[in-house]
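**Q** I'd like to go over a predicted model; first the sequence, then the structure.
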Amino acid sequence: ETGVTQTPRHLVMGMTNKKSLKCEQHLGHNAMYWYKQSAKKPLELMFVYNFKEQTENNSVPSRFSPECPNSSHLFLHLHTLQPEDSALYLCASSVRGASETQYFGPGTRLLVL
Amino acid sequence: AQTVTQSQPEMSVQEAETVTLSCTYDTSESDYYLFWYKQPPSRQMILVIRQEAYKQQNATENRFSVNFQKAAKSFSLKISDSQLGDAAMYFCAYRRRLIQGAQKLVFGQGTRLTINP
C-alpha cells in the first residue's frame, strides 16, 4: 500500500533539535490526521485537518506544531521535545464524509534523546 | 466519551485453525462505524474489515468475519484458516457517523496475535 507515505521512517533527535515529519497522500482524500502510538498505549489522535483547516487538536503540547499546506500534504514540526515523546507517529487520510475509512501511512519511528 | 476495550492483550492459534478476537465498546450514539485494523511488524496499519452499525448483517472479507452484537456493544473478529501472515497486532476502532467532516477514530489497546506453525 503506497497511498499514504511518510518520511523519514526513522528519526533520532536531541531535545534541543528542530525537525519535521512529512506525510503525503496520493488518494485524492480531503482529510488528514496525525496519531501517536506509544508502547502499551492505544493510538492517540493528535490533530485532524479537513480541507486544510485544523478541526481538532487533542490537547497536544505546543512543542508539536502541525501544518497542512494543501489536502495532499501534512507536516508535524517538532521542537524541544522530551524523551517521553519517543513513539511511532502515524499519518492517515480519508475522504471527507460520513462513510469514510481512514488509510494509514507506515509511520515515523521517533527517538528523542 | 466513546471507549473501546480489547480484553485480550495476546492470543495464539495454530496455523489453519480459527481464532476469535474480542472487542467491546461504549457509546451513546446509535449510528456509527466499527473497524478492525491489523498492524504487522512493518508497523503499517492496514484495514481488515468495517461494519456499519445500521446494518444487521455481519461484515465478511474472505477469511475474516465479524460478530456484531449491537445491543451488547460487542464486535469480535473471527479469522478462519489462520495463516502465518496473519500474525500482527489487531486493533478494534470506533468512529461516529456524521454527515460531514473528518471524524476521529477511537482505538482499543490492541491484541497481539501469534500464529504457531
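**A** Received, thanks.

**Q** who's in contact with the closest residue to A:Lys41 other than its chain neighbours?
**A** Leaving aside its sequence neighbours, A:Lys41 sits nearest to B:Gln109 (C-beta to C-beta, 6 or more residues apart in numbering or on different chains; 7.5 Å). (C-beta placed from N, C-alpha, C; glycine too.) Residues in contact with B:Gln109 (C-beta atoms under 8 Å, 6 or more residues apart in numbering or on different chains) are A:Lys40, A:Lys41, A:Pro42, B:Thr5, B:Gln6, B:Pro9.

**Q** The spatially most central residue of chain B sits in which helix or strand?
**A** A centroid search over chain B (C-alpha atoms, centre = their mean) returns B:Trp36, at 2.9 Å, as the residue closest to the centre. Assigned by DSSP states H and E, B:Trp36 belongs to strand B:32-39.

**Q** just checking, what packs against that strand?
**A** strand B:46-52, strand B:64-69, strand B:74-79, strand B:88-96 (3 or more C-beta pairs under 8 Å, 6 or more residues apart in numbering or on different chains; DSSP states H and E).

**Q** Export it to PDB, keeping only CA atoms.
**A** Extracted as PDB, the C-alpha positions of strand B:32-39 are listed here (Å, rounded to 0.1, in the frame of the first residue of the first chain):
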ATOM      1  CA  TYR B  32     -21.500   4.700  14.000                       C
ATOM      2  CA  TYR B  33     -18.800   2.600  12.300                       C
ATOM      3  CA  LEU B  34     -16.600  -0.100  13.700                       C
ATOM      4  CA  PHE B  35     -13.300  -1.300  12.300                       C
ATOM      5  CA  TRP B  36     -10.600  -3.900  12.700                       C
ATOM      6  CA  TYR B  37      -7.100  -2.800  11.700                       C
ATOM      7  CA  LYS B  38      -4.100  -5.000  11.500                       C
ATOM      8  CA  GLN B  39      -0.600  -3.800  12.300                       C
END
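
**Q** Taking strand B:46-52 as reference, get the angle to that strand.
**A** 160 degrees (axes from the mean of the first three to the mean of the last three C-alpha atoms, to 10 degrees).

**Q** And the contacts of strand B:32-39?
**A** A:99, A:101, A:104, B:21, B:23, B:25, B:45-53, B:64, B:66, B:68, B:75, B:77, B:86, B:88-97, B:105, B:107, B:110.

**Q** ok so, going back, measure the residue nearest to the centre of chain B to chain A for me?
**A** From B:Trp36 over to chain A the distance is 12 Å, taken as C-beta to the nearest C-beta, to the nearest Å.

**Q** what about that residue, distance to B:Ala59?
**A** Look at B:Trp36 and B:Ala59: by C-beta to C-beta, to the nearest Å, they are 9 Å apart.

**Q** shared neighbours of these two, anything?
**A** B:Ile49, B:Arg50, B:Val66.
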